[in-house]
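Visitor: Have a look at this prediction, sequence included:
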Amino acid sequence: MIRHEHNRAKALAAILCILSVTGCAGAPAGDQSTTAAPAAVTEADTAAAQDTGAADTAAAEEPQAEEPQAAEPEKPEEKTLIPLTDLKIVSFFTFEDDDMSAFSNRGENDTTVLSVTKDIAKGGQKSLMAAGRSETWNGPAVRLDDICQPYQEYVISANAMQKDHSPVTMSFQYTDENGEVHYGELETQSGGDWLSFSQVKVGYTPEMKDVYVYFEGGTSDMYIDNFNIAELPSANIENELPSLCELFADDFKVGTALTPADLSSRGVMALVEKHFYASITTGNEMKPDYVLDHDATVSYFEETGDDETPQISFAAAAPLLDYCRDNKIPMRVHTLVWHSQTPTWFCKEGYDMDGEWVSPEKMTKRMENYIKAYFGTLTELYPDIDFYACDVVNEAWLENGSFRKAGCREENGGDASPWVKVYGDNSFIEHAFTFARKYAPKGCKLYYNDYNEYMDGKLNAIYAMAADFKEKGIIDGIGMQSHLDVRTGGDAFPSVMMYDKALDKYSELGLDIQVTELDATVAKASGDKYMDAQAEYYKGIVSSIYAHKDHVSAMIFWGVTDDKSWRAPQQPLIFDRSYTAKPAFYSIADIVNEADTAGDDNAENTDQ
């Protein structure tokens, strides 16, 4: 039996037990400023299913050898918690009464056996034990759509421990309208026996079915205690702030990236509707592995014998597409062709993971039919959305200007490209742009998009390719992802000067530029220590973008609040988890105000 609000006082006591350990979140801390090598990052994807964000990290240059030093104890990330009196308890389990009715394992292939045990507990006599786990994804799960409501944001708190003290991850799962299951990591804890998950935000929309939160990682026995779900109070944003969209309305679009779960957060969506309404990008749901429908593709092949016409679905993206349609918000299409989230089966004979790799000729035909169906279906379903930009190809060049190694994620890791495996080089990029030009809706501009786009080797490769494609009339612009690193401020990478130099170089092409995934990290677990440095860095970067406004048509942040970011432990955005503007917001807003003041002064001097 699930307890509800009449036992609120007892639930609050259970939560206090959790918070007495440490109100922390995130992965182990690490100070990025300790190495001389610049950080190089890619965009958001989880290792398990590319739903919420794990970075492919590389170094631009080899770090210099350093004398070994004793490691300092890692500190957990600080998290500002909502006062307990402001929370409405929906469900809680201390397991003291042997009740584990909301918990199950993760299905028939999960060997986990759940029971209430007296062997170990946190703050009581009993806990939930998950024994017999044979795979890392095995573990206890709670079905949220049996307990919670759509379009409402909740926070989940719990204590968790593995018998071998390995890390524990809290993850999220749902099934879309097309029957596809999606997964995403919410938070990982490590570094002790009983680990504390404190006020982890979750939410879902009516289109999401079979919505679960579950615990995974390792294969040893796992214990859960003091599990509770609480409804977040109505969020208040700072309505007195100037709107970023309005501040830059005469210069370029200001937008953000969202996931369907963001729609359940009143605070996030209030910020979107005030500051980021000029453009929306789907974080993952319009990438190839979400759009390409394996089962429908195989069925079509078996029925027709045609193995060159993949089938697609926008079921995963439907909540965000519906939102943009209903609110008349323009969208960036992200992305058609990408090594990281192109499913390997798409490049195999018979669409079989164990099949042979297809020939370049067959792959080119599949690519054309995929892009044709992508745009055709999208514009048929959503004729009223302004799809004003499309990242045709994403992250095809390495930092030294060479193409990626051939292979696939399953065999060669996340940096390998199935496209290079089929074609032998980056010749597939031109095919993709040729087909995108042929089938994209009217007014949709075509971009090549990449990270570390300011590093010389990659910059020069992108420049040469774009110049060639411009001559052929198949490209409209460059997407600068702009995943940046503040570090301690003075050692930020890239420097503002380096970023400005890249903008200068791309501007020489005479193509459009869009800043597509802007964020700027600080050191993990640093609290407010580097917020002023972050503000100063953001001001320098956005000032450079503003100085190139004749060439830049959009500035898109990769998320709205720090806690929802793919790099959440490093606080990379301009609003915090309480929807409050950080110093970086004010430094960005000041750019336009200072420019207006300077313009007024110049006008006065001219009149005299």
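Guide: Here it is on my side, so go on. Residues are numbered from 1 along each chain as shown.
Visitor: How are the strands of the stretch 301-450 of the chain distributed by residue range?
Guide: Counting by DSSP state E, counting those that start in this stretch, the stretch 301-450 of the chain forms strands over residues 331-338, 387-394, 445-450, given from the N-terminal end onward.
Visitor: what's the closest of those strands to residue 479?
Guide: Distances from residue 479 to each of the strands of the stretch 301-450 of the chain were compared using CB to CB; the shortest belongs to strand 445-450, at 3.3 Å. Every C-beta, even on glycine, is put in place using the N, C-alpha and C of the backbone.
Visitor: now the closest one: how far from the chain's centre is it?
Guide: 19 Å (CA atoms, centre = their mean, to the nearest Å).
Visitor: quick check: angle from that strand to strand 387-394?
Guide: Using axes from the mean of the first three to the mean of the last three CA atoms, to 10 degrees, the direction of strand 445-450 lies 40 degrees away from that of strand 387-394.
Visitor: Switch the strands of the stretch 301-450 of the chain over to a markdown table; also include mean pLDDT.
Guide: Converted to a markdown table, the strands of the stretch 301-450 of the chain look like this (pLDDT from 0 to 100):
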| stretch | mean pLDDT |
| --- | --- |
| strand 331-338 | 98 |
| strand 387-394 | 98 |
| strand 445-450 | 98 |
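Visitor: remind me which residues of the protein are low pLDDT?
Guide: Along the chain, segments meeting pLDDT under 70 span 1-78, 597-608.
Visitor: Can I get the strands of the stretch 301-450 of the chain in TSV including mean neighbour count?
Guide: Compiled in TSV, the strands of the stretch 301-450 of the chain are given as follows (neighbours: other CB atoms under 10 Å):
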stretch	mean neighbour count
strand 331-338	25
strand 387-394	26
strand 445-450	25
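Visitor: Let me have the ones you listed in a markdown table, adding distance to residue 82 as columns.
Guide: Conversion of those to a markdown table gives the following (distance: least, CB to CB, whole Å):
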| stretch | distance to residue 82 |
| --- | --- |
| strand 331-338 | 32 |
| strand 387-394 | 36 |
| strand 445-450 | 36 |
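Visitor: didn't residue 275 look like it was pressed against residue 255?
Guide: No - here residue 275 does not reach residue 255: they are 9.3 Å apart, not a contact under CB atoms under 8 Å.
Visitor: Count residues in the vicinity of residue 467, would you?
Guide: For residue 467, the tally of surrounding residues (other CB atoms under 10 Å) stands at 14.
Visitor: what's stretch 494-510 in contact with?
Guide: Contact partners of stretch 494-510, identified using CB atoms under 8 Å, 6 or more residues apart in numbering, comprise 38, 453-455, 459, 462-463, 466-467, 470, 478, 480, 482, 484, 513, 537, 540-541, 543-545, 547-548, 551-552.
Visitor: Can you tell me which of those residues are buried?
Guide: Burial by neighbour count, judged by 16 or more other CB atoms under 10 Å, picks out 38, 453-455, 459, 462-463, 466, 478, 480, 482, 484, 513, 537, 540-541, 543-545, 548, 551-552 from the contacts of stretch 494-510.
Visitor: Out of those residues, which sit inside strands?
Guide: When DSSP state E is applied, the buried ones among the contacts of stretch 494-510 are split such that 478, 480, 484, 513, 552 fall in strands.
Visitor: Between these, which sits nearest residue 247?
Guide: Comparing these against residue 247 with CB to CB picks out residue 552 as the nearest, at 14.6 Å.
Visitor: now that closest one: how far from residue 244?
Guide: For residue 552, the distance to residue 244 equals 15 Å [CB to CB, to the nearest Å].
Visitor: ok, which stretches of the protein are helices?
Guide: 8-19, 244-247, 266-275, 288-291, 294-304, 318-327, 360-381, 409-412, 418-423, 428-439, 456-472, 496-507, 531-547, 583-607 (DSSP state H).
Visitor: Redo the ones you listed as a markdown table? Include distance to residue 576.
Guide: Putting the helices of the chain into a markdown table (distance: least, CB to CB, whole Å) gives the following:
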| stretch | distance to residue 576 |
| --- | --- |
| helix 8-19 | 19 |
| helix 244-247 | 16 |
| helix 266-275 | 11 |
| helix 288-291 | 29 |
| helix 294-304 | 39 |
| helix 318-327 | 23 |
| helix 360-381 | 34 |
| helix 409-412 | 33 |
| helix 418-423 | 39 |
| helix 428-439 | 38 |
| helix 456-472 | 32 |
| helix 496-507 | 24 |
| helix 531-547 | 9 |
| helix 583-607 | 10 |
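Visitor: To residue 99, which of those helices lies closest?
Guide: Nearest to residue 99, of the helices of the chain and by CB to CB, is helix 8-19 at 12.7 Å.
Visitor: show me what contacts the closest residue to residue 236 other than its chain neighbours?
Guide: Closest residue to residue 236 apart from its sequence neighbours, by CB to CB, 6 or more residues apart in numbering: residue 579 at 7.5 Å. Neighbouring residues of residue 579 by CB under 8 Å, 6+ apart: 235, 236, 237, 238, 267, 268, 270, 271, 561.
Visitor: most neighbours, which of these?
Guide: Top of those by neighbour number is residue 268, holding 28 neighbours under the definition other CB under 10 Å.
Visitor: so that residue sits right up against residue 561, yeah?
Guide: Yes - between residue 268 and residue 561 there is a contact at 6.3 Å, judged by CB under 8 Å.
Visitor: Just the buried positions in stretch 124-135, please.
Guide: The neighbour-count check on stretch 124-135 (16+ other CB under 10 Å) flags 126, 127, 128, 129, 130, 133 as buried.
Visitor: repeat for stretch 333-353
Guide: Buried residues in stretch 333-353, counted by 16+ other CB under 10 Å: 333-348, 351.
Visitor: likewise stretch 212-223?
Guide: Within stretch 212-223, the residues that count as buried by 16+ other CB under 10 Å are 212, 213, 214, 215, 216, 217, 218, 219, 221, 222, 223.
Visitor: Can you tell me which of those residues is nearest residue 371?
Guide: residue 212 (34.0 Å).
Visitor: I'd like to know how far the residue nearest to residue 236 sits from residue 394.
Guide: 30 Å.
Visitor: Grab the nearest non-local neighbour of residue 543.
Guide: Closest residue to residue 543 apart from its sequence neighbours, by CB to CB, 6+ apart: residue 591 at 5.4 Å.
Visitor: who touches that neighbour in this structure?
Guide: For residue 591, the contact set (CB under 8 Å, 6+ apart) comprises 539, 542, 543, 546.
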